[in-house]
Structures are given as structure tokens and as C-alpha cells.
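J.: Starting from these lines, generate the structure:
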Amino acid sequence: MGLSVVLTSCEKEYDLPMPVPPSTNPPKQPPVGTPPNTTPPNTTPPTNTLPPVTANSLLKGMGTRTFTWDTQGRLSGIGYTDLTYQGYTIVYEGNKPVRLNYVSGNNWLEYTYEGDKVVAATRYYGEGLVNYRYTFEYEGDKLVKQTTMSYATSNTGRLGVTEYSYDTNGNLTTSAVSWSTSDREEDLSAPTYIRWGGYDSNPNPLPFAYSDFYLPGVKLFVNNPGYRDAGQGKEYYSYSYHASGMPQLRVTTLEAYPNAQPFREQFTY
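T.: Predicted structure coming up:
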């Protein structure tokens, strides 16, 4: 809900300074033939130098997505400068995230753990009504399967499955997404594929934190991909880097629209 401010008749839009009476003493004039003293004060110029970006620097923004961190270096929220109704804050118990509070209102997500891994999550709205249930499967520290049951359009649920594949460096190469017309696996569609490749050897600072949820300890991208292919032509990515190798700028061009204006996303730390 936005904040609306109404000025009443007793409120002043401006606080003007009190008028100062003119001095009765005429200003002193320098002696004839003596130039006024115009020597600037001896002051040290301000320094606004930012600390250098290192491999341990925390990502604060990429394009329109923003990341906030607490004093312990834990992710505490994400937001979007162009979509202010998206994003969430992260609630911790001890050192574990246990809940996301979405900025869109009475809408939150709670985690279920096995050891240090999130194995399930439930998203609620209103008076504790469920609109999504998620389960997660891992091989080592890599997420390999995400199952989604959506109640947004069906009381019995609609099943979705995403399976993830990686290269030997731990970078995501393929996500295969299938949706069912019901809550049953036998009704799943053939998967649609999104592929990534052309990775550099530089560190990727992005956590698994997207508009729907955050998965602590999970990284899809160890390095920075050179393209993404969803089947309608590749998105090509090129980067400029800080001296530490951390990405500073990503430029996206489209295979299907070679004359389109490149899209630039700045990394801030």
C-alpha cells in the first residue's frame, strides 16, 4: 500500500528562514591599490575512492535486481528497481534462513530442512492458504531436481518438474521443464529445454536468489555463461571485469535480432 500525504491548512509547505535585518555598519573596503585576498583556504580535497572489488566482495546489484546483506555477510533480501512489487526479505533462525516475507503483502514462504539442505518449501498467502509447494533433490551440493505443485489455478494442484544438468566445473548446462495438466506425473508434458554454455573462467557472484525464492548454499553458475538458448535463438553474453576477475558489466545481444540495441547490466558490489 502506498503512502499518501495530504497537506492541511495548518501545515506549511515551506519553512522559510527568518529575515535578517541589514547591518548598520558599512562593509570595510580594502585600501586603494590593494587587491582583495583571494587565496583559497588550505583544505584537503575529499576522497571518494571505493574499495577494490575482490573475489569476496558481496554483490549489491545486477541490472535492476538488488541484493542486501546483513552485518554477518548473509543475504537478507532482494528487490527490483523497476518492479517494486517483487522481492522479499529473509528471516533467519540461528544461521539458517527459515522464512521469506514477500514485499507484495500478506504472502510468505517457509523452509523445511534435512541437515543443512533445504528439501522443501511452502508458500502461503492470506489466512495461511497454500498456493505453492516445492521439493528439492540434490547430488552433493548441486540441485538436480525441483518439483513444484501450484494451487494458483487448481484446488487439486498442477505439477511442474525442473531437472538440472551441469558441466564438470559445476556450471549449469541444461534445465528441462515439464508441466502437467493435473497433479499427476503421467500427465506431464514433454520437457522444454534451456541451455547455457560458453563459460569463462571468472567467478560468478550470483546466489540462487530469484523473484520466487532463495535457496541457501546453492549455485547454478560457478562461472559466467557466454550464452543462453531457450530454443528461439541464443542470447549472447559478453563481459568486462574488475582486476580481481569479478564481472563489472554484462552486455546481451540476440541471435534472432542482430540489429537490436545491446542490453547492458552493471554489477555493483
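
J.: can you give me phi and psi for Glu186?
T.: Phi and psi for Glu186, reported as degrees, to the nearest 10, are phi -70, psi -10.

J.: tell me the contacts of Met149?
T.: Met149 is in contact with Tyr132, Arg133, Tyr134, Gly157, Arg158, Leu159, Gly160, Asp183, counting by CB atoms under 8 Å, 6 or more residues apart in numbering. Yep, even glycine has a C-beta here, placed from its N, CA and C like the rest.

J.: repeat that with 6 Å
T.: Neighbouring residues of Met149 by CB atoms under 6 Å, 6 or more residues apart in numbering: Arg133, Gly157, Leu159.

J.: confidence score at it?
T.: We note a pLDDT of 98 for Met149 in this prediction.

J.: And what about it, helix, strand or coil?
T.: strand (DSSP: H, G, I helix; E, B strand; the rest coil).

J.: same thing with the one 3 residues further on?
T.: Assigned by three-state DSSP, the conformation of Ala152 is coil.

J.: Report how many residues lie close to the residue lying closest to it once chain neighbours are set aside.
T.: Ranked by CB to CB, 6 or more residues apart in numbering and with sequence neighbours excluded, the top spatial neighbour of Ala152 is Asn131, at 5.4 Å. Look at Asn131: counted by other CB atoms under 10 Å, it has 15 neighbours.

J.: likewise Asn171?
T.: Neighbours of Asn171 (other CB under 10 Å): 19.

J.: what do you get for Thr148?
T.: 19.

J.: Bridge partners for it, pull those for me.
T.: Tyr134, Gly160 (DSSP bridges).

J.: any idea how far it is from Tyr164?
T.: According to CB to CB, to the nearest Å, Thr148 stands 14 Å off from Tyr164.

J.: Number of residues surrounding the residue nearest to Lys219 when sequence neighbours are not counted?
T.: Leaving aside its chain neighbours, Lys219 sits nearest to Phe208 (6.3 Å; criterion: CB to CB, 6+ apart). Using other CB under 10 Å, Phe208 has 16 other residues around it.

J.: In this structure Phe208 contacts Leu215, no?
T.: Yes: using CB atoms under 6 Å, Phe208 is in contact with Leu215, at 4.2 Å.

J.: shared neighbours, these two?
T.: In contact with both Phe208 and Leu215: no residue, using CB under 6 Å, 6+ apart.

J.: what are the ranges of the strands in the stretch 51-200 of the chain?
T.: Ranges of strands within the stretch 51-200 of the chain are 61-62, 65-69, 75-80, 87-93, 96-102, 107-114, 117-125, 129-139, 142-150, 158-166, 172-179, 192-197, based on DSSP state E, counting those that start in this stretch.

J.: For those, give me CSV that also has distance to Leu249.
T.: Below are these laid out as CSV (distance: least, CB to CB, whole Å):
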stretch, distance to Leu249
strand 61-62, 10
strand 65-69, 15
strand 75-80, 19
strand 87-93, 23
strand 96-102, 29
strand 107-114, 32
strand 117-125, 32
strand 129-139, 32
strand 142-150, 28
strand 158-166, 26
strand 172-179, 22
strand 192-197, 19
